[in-house]
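Trainee: here is my input, please return the structure:
(one chain, ligands or ions: 1)
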Amino acid sequence: ASSQAASAATEATKVGANLIPSEMKAWVYGEYGGVDVLKFDENVSVPEVKEDQVLIKVVAAALNPVDAKRRQGKFKATDSPLPTVPGYDVAGVVVKVGSQVKEFKEGDEVYGDVNEKALDGPKQFGSLAEYTAVEEKLLALKPKNLDFVQAASLPLAIETAYEGLERTGFSAGKSILVLNGSGGVGSLVIQLAKQVFGASKVVATSGTRNLELLKILGADLAIDYTKENFEDLPEKFDVVYDAIGQCDKAVKVVKEGGAVVALTGAVTPPGFRFVVTSNGAVLKKLNPYLESGKVKPVIDPKGPFPFSQVAEAFSYIETNRASGKVVIHPI
Ligand SMILES: C/C=C1/OC(C)=C(O)C1=O
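Mentor: Purely as a prediction, here's the structure:
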C-alpha cells in the first residue's frame, strides 16, 4: 500500500487543494485527414506551464471551422508538429500559474482562445483535453452570468467578429450587411454591430430556418439566401462582413468608400481578408455586454456534445449547417 501511495504521489503534483495528474484524457490526431484520424487517448502528458501561462482544468471547449481545416492539413505549412490535440476555444478553472502570471490565481474561472495566431504555429496541445496550458494574455475571467458551455462558445468567434468590425472602421450610425448571420461568427457580428458599435442598420442573410434567429439577434432585415440574392438589393452598405466566402458578390453592395471584410475564400478588391488574433483584453472589454445580456452566446441546439462524441461534433460542424457554436461538454 505504501509503495502504491508513493507511486501515486510521484504521478501527481500537489498544487493548492488540487491534485494535478501527470497524464490526462485528450483527443489526438497523428496524421492529417478526415474525422477518422481523431483518436481518444487516455494517457496524454499534462502540459507543463511556462512562466507566462496558466494550467486550466478544462470544463468545456468549442469547435471552430479552423479545427477541421487544420486537421485536414490545409494549414500544415505553418502548423506545429504532429501529433495534435485540437481545440482553440476553452472555458475552465485555473489549477496552476506560471511564475510570471499576474492576472489570474488558482480557482479563477476563465475563458479564451488558446492560440494567439490561429494559423501560425497553433499550440500542439489544444483545448480538447482535460488540461491545457495557455498564456494569461489570451484569457479573461468568465462572465459571471454565463455557464462554462456558453463561455467556451465565445472566444475565437467573438474576437473574430470584433476584430473584423474594428478593421473595417465600423462605427455608430453606419449600416452593415452580414453574410451568414446564423453562423458562429455572423451571429456575434450582428449583435456587436448593434449593441457595441451602434449600427444604424443591420441586414443579415441565412437559410430559411434561421431567419427568425437573425431578427432575435437584432437584424433589422433578414434575407433568405435560398429565395433572394442579396447582391440584387438596391441598397448599398457602409460595411459588408462576409462570414461565408462570397466576397465577389459582397463587393457589389458596398458603398463607394465602404469596406468589405472576408474571413475565408477568394478576396475581390476592395474586399480584404484577415486572420483573428486571440486577445484576452478584447474578451475583458466585451464582458460587460455579455454580463448585461446585451450580447448573447448562440449555441447550436444539437449540442453540447459529450467528450466521447468529439468525432461526431466535428462531422456536424463540417456539414456547415450549425446554427451558432458547437460545444463539447462535460470534459
Ligand atoms: C480562424 C482563422 C481562419 O482563417 C482562415 C483562412 C480560416 O478558414 C479560418 O478558420
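Trainee: list the contacts of the closest residue in space to Lys296 that isn't next to it in sequence.
Mentor: With C-beta to C-beta, 6 or more residues apart in numbering as the measure, Gln191 is the residue that lies nearest to Lys296, at 6.9 Å, once sequence neighbours are left out. Glycine gets a C-beta too; all of them are placed from N, C-alpha and C. When contacts are counted by C-beta atoms under 8 Å, 6 or more residues apart in numbering, Gln191 touches 217-218, 294-296.
Trainee: closest to the ligand out of those?
Mentor: Sorting the contacts of Gln191 by how near they are to the ligand, with C-beta to the nearest ligand atom, puts Val295 at the top with 19.8 Å.
Trainee: tell me the pLDDT of the residue nearest to Lys296.
Mentor: Model confidence at Gln191, expressed as pLDDT, equals 98.
Trainee: and Ala60, how many neighbours?
Mentor: For Ala60, the number of neighbouring residues by other C-beta atoms under 10 Å comes to 25.
Trainee: partner strands of the strand or helix carrying it, with direction?
Mentor: Of the helices and strands defined by DSSP states H and E, Ala60 is found in strand 53-63. Take DSSP bridges as the rule and strand 53-63 pairs in its sheet with strand 89-97 (antiparallel), strand 131-135 (antiparallel), strand 326-328 (antiparallel).
Trainee: residues near the closest residue to the ligand within the stretch 51-200 of the chain, how many?
Mentor: Proximity of the stretch 51-200 of the chain to the ligand (C-beta to the nearest ligand atom) peaks at Val66, 3.5 Å away. The number of residues packed near Val66 is 23, by other C-beta under 10 Å.
Trainee: that one against Val114, yeah?
Mentor: No - under the contact definition of C-beta atoms under 8 Å, Val66 does not touch Val114, with a separation of 11.9 Å.
Trainee: mind listing the shared neighbours of these two?
Mentor: Counting by C-beta under 8 Å, 6+ apart, the residues touching both Val66 and Val114 are Tyr88.
Trainee: helix or strand for the spatially most central residue of the chain, which one?
Mentor: To find the centre residue of the chain, average its C-alpha atoms and take the closest one (C-alpha atoms, centre = their mean): that gives Leu156, at 2.9 Å. Applying DSSP H and E as the criterion places Leu156 in helix 155-167.
Trainee: flag every buried residue along that helix.
Mentor: Neighbour-count burial for helix 155-167, counted by 16 or more other C-beta atoms under 10 Å, picks out 155-165.
Trainee: how about Lys302, what does it touch?
Mentor: 316, 322, 326.
Trainee: highest neighbour count among those?
Mentor: So for the contacts of Lys302 (other C-beta under 10 Å), the most neighbours sit at Val326, 25 neighbours.
Trainee: wait, it sits on Phe305?
Mentor: Yes - counting by C-beta under 8 Å, a contact exists between Val326 and Phe305, whose distance comes to 6.9 Å.
Trainee: get me the contact residues on the protein for the ligand.
Mentor: Where proximity means C-beta under 6 Å from any ligand atom, the interface of the chain facing the ligand comprises 65-66, 69, 118-119, 264, 275-276.
Trainee: the same query, at a cut-off of 5 Å, please.
Mentor: Taking C-beta under 5 Å from any ligand atom, the part of the chain that reaches the ligand is made up of 65-66, 118, 264, 275.
Trainee: in the protein, what helix or strand scores lowest on average pLDDT?
Mentor: Lowest by mean pLDDT, DSSP states H and E among the helices and strands of the chain is strand 12-15, with a mean of 44.
Trainee: next helix or strand past that one?
Mentor: Under the assignment DSSP H and E, the closest C-terminal helix or strand after strand 12-15 is strand 18-21.
Trainee: now the strands: where do they sit in the stretch 51-200 of the chain?
Mentor: 53-63, 89-97, 109-113, 131-135, 139-141, 175-179 (DSSP state E, counting those that start in this stretch).
Trainee: list the buried residues in the longest one.
Mentor: Put plainly, it is strand 53-63. In strand 53-63, counting by 16+ other C-beta under 10 Å, buried: 53-63.
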